[in-house]
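Enquirer: Okay, here's the prediction I keep looking at, along with the sequence it came from:
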Amino acid sequence: MPLKTTVAKTLANVPLKRKFFAQTALVALGIIALAVIAARMQYVDLTDTRRDGLKSQIQMAIAVVDSYAERAEKGEIDVETAKKSALHTLSTMPARGGVDYIYVTDQAPVMLMHPTRPDLVGKPLSDVLSPDGKRVFPAFVTAAQAGGGSVDYTWAKPGQKDPVQKTSYAALYKPWGWVIGTGVYLRDTQSQALVFTSVVAIAGGALVLLNLLVGWMIGNSILEPVSRALAVIKGVARGDLSVRTAEHVTDEIGQMLKATDEMVHTLERFSAQTKVMVHMHAGIQTSSKKITEIISVIDGIAFQTNILALNAAMEAARAGEQGRGFAVVASEVRTLAQRSASAAKEIKHLIDDSVGKADQGSALVDQAGKTMAEIVSSVQRVTDIMSEISAASQEQSAGIAQVNLTVTQMDESTQQNAALVEEATAAANAMQQQAQQLDEAVSSFRVVAATSNQFGHASKRAPAWVALATH
């Protein structure tokens, strides 16, 4: 697995707060590391500068000795006088605070001149050890014979007992076999480096504090809005849509919070629409039950009408030629009754199908709306059928009256048939009243289907809850 993918997966499980803290800590550690490196480089630069200064000082000393050697060669002075004069001049060369002095030994080594330790003059130095256990003077001779070089060791400052770190540079003056050297105590260099380190540490500390402060401010400016957005989202998950972020910033976080508020507002509207849809669905179920009851009444009336029409046809058949017109009327009434029953069954089937589809949920809302439109159309057809039944009943009444006039002298069976016809007339009138009641119920149902939805738009093709579900 690539390193980038591994790191990304690891960081994905780390909280934002820890990520910001880690980033700030890394920057702070980087500043501290840079301060330490800068201080170390400054110390090394100062040490190298001091060593270069020692080399320049030895070169000047060799030039002084060489000037006396030239005078001896010219015969102006003898060699011994030249050597003594050269040693004296070297001992009096200006030294920084009496510390950076010049000393001279031969290659034995034996001390020839030491401005601060005259007791060492003439003494062999092979066995002289520095406080850190180093034979420094043989080391000076070795460095000088190699063309000049530096030696690091510890040595006490003049008038002090505690040894400190020191570095010396030695070079060989071959004509006289002298090893000329000088040194510098590194404590001064360390003090200068410490001053620089202190300045760097103070500046670095200020940068670290500034970095921590800025990191804390930036972290809070990001984490707090994210925490509020998380609280809103958790509230939505619990069903609480009353929480708001109340944030007015315009950066990416602010845009995210604004989008979160818009999401909650949308969920509120959707929840309200869902409640309206549920309420209207309950109303549809209630209306469906009422329509089912009305259809049952219509079915019963149609059945009774069919029976009466059958009886009327039978009586008309008994009446012979004189009852033929009444038989035609009775047959027409029977046909209308059968059509009414068929339409009632069709409406009942549509109602059952509509209720079943409504129970399937919002995914079938549109189809249920179309079904309800078909129901309205079917109810309109039922109204038309009821009007036809009413007209047929009136024709039947007229036919019965005519039959009564023509068969006044009929026998007892004819009178009995007339009584049955009167019963059929009463049943037809009752059916007409039921048809009027159904017409009123259907008209009420059409009003529910055509009412405006909550957005103020009239729903002409589907009920309001269908319109809500399609938004």
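Expert: Received it, and whenever you're ready, just let me know what you need.

Enquirer: Break down the stretch 101-250 of the chain into its strands, ranges please.
Expert: Applying DSSP state E, counting those that start in this stretch to the stretch 101-250 of the chain gives strands spanning 102-105, 111-113, 149-156, 163-173, 178-185.

Enquirer: And the contacts of the shortest one?
Expert: What that stands for is strand 111-113. 87, 90-91, 103-106, 117, 120-123, 125, 178 (CB atoms under 8 Å, 6 or more residues apart in numbering). Using the backbone N, CA and C atoms, a C-beta is placed for each residue, glycine as well.

Enquirer: same deal with the third one?
Expert: For strand 149-156, the surrounding residues in contact (CB under 8 Å, 6+ apart) are 51, 54, 130-132, 134, 136, 139-140, 143, 162-170, 183, 185.

Enquirer: May I see the ChimeraX selection of the buried members of those residues?
Expert: A single ChimeraX command selects the buried members of these (16 or more other CB atoms under 10 Å):
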select :51,54,130,134,136,139,140,143,165,166,167,168,169,170,183,185
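
Enquirer: tell me the least confident of the contacts of strand 111-113?
Expert: Of all these, Arg117 carries the smallest pLDDT score, 83.

Enquirer: next one: phi and psi at that residue?
Expert: When read as degrees, to the nearest 10, the backbone of Arg117 gives phi -130, psi 70.

Enquirer: residue contacts, it?
Expert: Met111.

Enquirer: With Met111 as the reference, measure out to it.
Expert: 8 Å (CB to CB, to the nearest Å).

Enquirer: Ok, Ala144 next?
Expert: 14 Å.

Enquirer: Same question for His349.
Expert: The value you get for His349 to Met111, if CB to CB is used, is 131 Å.

Enquirer: Compare these two and say which one has the larger neighbour count.
Expert: Under the neighbour definition other CB atoms under 10 Å, His349 and Met111 were set side by side, and Met111 has more, 21 against 12.

Enquirer: tell me the average confidence for the helix or strand harbouring Lys258?
Expert: For Lys258, the host element (DSSP states H and E) is helix 252-319. Mean pLDDT, helix 252-319: 71.

Enquirer: these two touch, right, Ile31 and Leu207?
Expert: Yes - in this structure, Ile31 is within contact of Leu207 by CB atoms under 8 Å, at 5.0 Å.

Enquirer: hang on, the earlier thing: of the contacts of strand 111-113, which is the nearest to Leu310?
Expert: Tyr103 (151.9 Å; CB to CB).

Enquirer: thought the closest one was touching Tyr169?
Expert: No - the pair Tyr103 and Tyr169 does not pass the contact test of CB under 8 Å, sitting 11.5 Å apart.

Enquirer: Which neighbours do the two have in common?
Expert: By CB under 8 Å, 6+ apart, the residues touching both Tyr103 and Tyr169 are 181-182.

Enquirer: Show me where the stretch 1-150 of the chain has its helices.
Expert: Ranges of helices within the stretch 1-150 of the chain are 3-12, 16-73, 79-91, 136-145, based on DSSP state H, counting those that start in this stretch.

Enquirer: Rebuild those helices as a markdown table, extending it with distance to Val151.
Expert: Listed next are the helices of the stretch 1-150 of the chain as a markdown table, based on distance: least, CB to CB, whole Å:
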| stretch | distance to Val151 |
| --- | --- |
| helix 3-12 | 48 |
| helix 16-73 | 11 |
| helix 79-91 | 19 |
| helix 136-145 | 5 |
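
Enquirer: now for the ones you listed, which one comes closest to Ile233?
Expert: Nearest of the helices of the stretch 1-150 of the chain (CB to CB): helix 16-73, 14.9 Å.

Enquirer: list the helices and strands that closest one packs on?
Expert: helix 79-91, strand 102-105, strand 163-173, strand 178-185, helix 186-238 (3 or more CB pairs under 8 Å, 6 or more residues apart in numbering; DSSP states H and E).

Enquirer: Return the member of these having the minimum mean pLDDT.
Expert: helix 186-238 has the lowest average pLDDT among the helices and strands packed on helix 16-73, namely a mean of 78.

Enquirer: Pull the number of nearby residues for the closest residue to Val27 other than its chain neighbours.
Expert: Nearest residue to Val27, sequence neighbours excluded (CB to CB, 6 or more residues apart in numbering): Asn211, at 5.1 Å. By the measure other CB under 10 Å, the count of residues near Asn211 is 18.

Enquirer: residues in contact with Asn211?
Expert: 24, 27-28, 31.

Enquirer: let's go with 10 Å and repeat that
Expert: Going by CB atoms under 10 Å, 6 or more residues apart in numbering, Asn211 touches 23-28, 30-31.

Enquirer: from those, which would you call buried?
Expert: Buried subset of the contacts of Asn211 (neighbour count, 16+ other CB under 10 Å): 24, 27-28, 31.

Enquirer: Which of these lies at the shortest distance from Pro158?
Expert: So of these, ranked by how close each gets to Pro158 (CB to CB), first place is Ile31, at 41.4 Å.

Enquirer: how much space is there between that closest one and Gly219?
Expert: 18 Å.

Enquirer: and if you look at Ser227?
Expert: 11 Å.

Enquirer: Quick check: neighbours shared by the two?
Expert: 16-17.

Enquirer: who's more crowded, those two?
Expert: Taking neighbours as other CB under 10 Å, Ser227 and Gly219 compare with Gly219 leading, 17 against 13.

Enquirer: Quick one: residues contacting the spatially closest residue to the more buried one that is not a sequence neighbour.
Expert: Distance criterion CB to CB, 6+ apart; nearest residue to Gly219, sequence neighbours excluded, is Phe20 at 3.9 Å. By CB under 10 Å, 6+ apart, Phe20 lies in contact with 215-216, 218-220, 222-223.

Enquirer: Same question for Tyr43.
Expert: 186, 189-190, 192-194, 196-197.

Enquirer: now do 8 Å
Expert: Per CB under 8 Å, 6+ apart, neighbours of Tyr43: 189-190, 193, 197.

Enquirer: Which one (most neighbours) among these?
Expert: Those, ranked by neighbours (other CB under 10 Å): first place Thr189, 22 neighbours.

Enquirer: So that residue sits against Asp45, correct?
Expert: No - using CB under 8 Å, Thr189 is not in contact with Asp45, being 9.8 Å away.

Enquirer: what touches both of the two?
Expert: Counting by CB under 8 Å, 6+ apart, Thr189 and Asp45 have no common neighbour.

Enquirer: So if we follow the domain assignment, how does this protein break up?
Expert: Using automatic domain parsing, the domains assigned to the chain come out as 14-197, 265-469.

Enquirer: Those domains: lowest mean pLDDT?
Expert: Taking the mean pLDDT of the domains of the chain, domain 265-469 comes last: a mean of 56.

Enquirer: mind listing what Pro109 touches?
Expert: Residues in contact with Pro109 (CB under 8 Å, 6+ apart) are 124-126, 137-138, 140-141, 179.

Enquirer: Mind doing that once more with 7 Å?
Expert: 125-126, 137-138, 141, 179 (CB atoms under 7 Å, 6 or more residues apart in numbering).

Enquirer: want to try a markdown table for these, with distance to Ser340 and neighbour count as columns?
Expert: Listed next are the contacts of Pro109 as a markdown table, based on distance: CB to CB, whole Å; neighbours: other CB atoms under 10 Å:
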| residue | distance to Ser340 | neighbour count |
| --- | --- | --- |
| Leu125 | 141 | 20 |
| Ser126 | 142 | 11 |
| Phe137 | 138 | 27 |
| Pro138 | 137 | 18 |
| Val141 | 138 | 20 |
| Val179 | 140 | 23 |
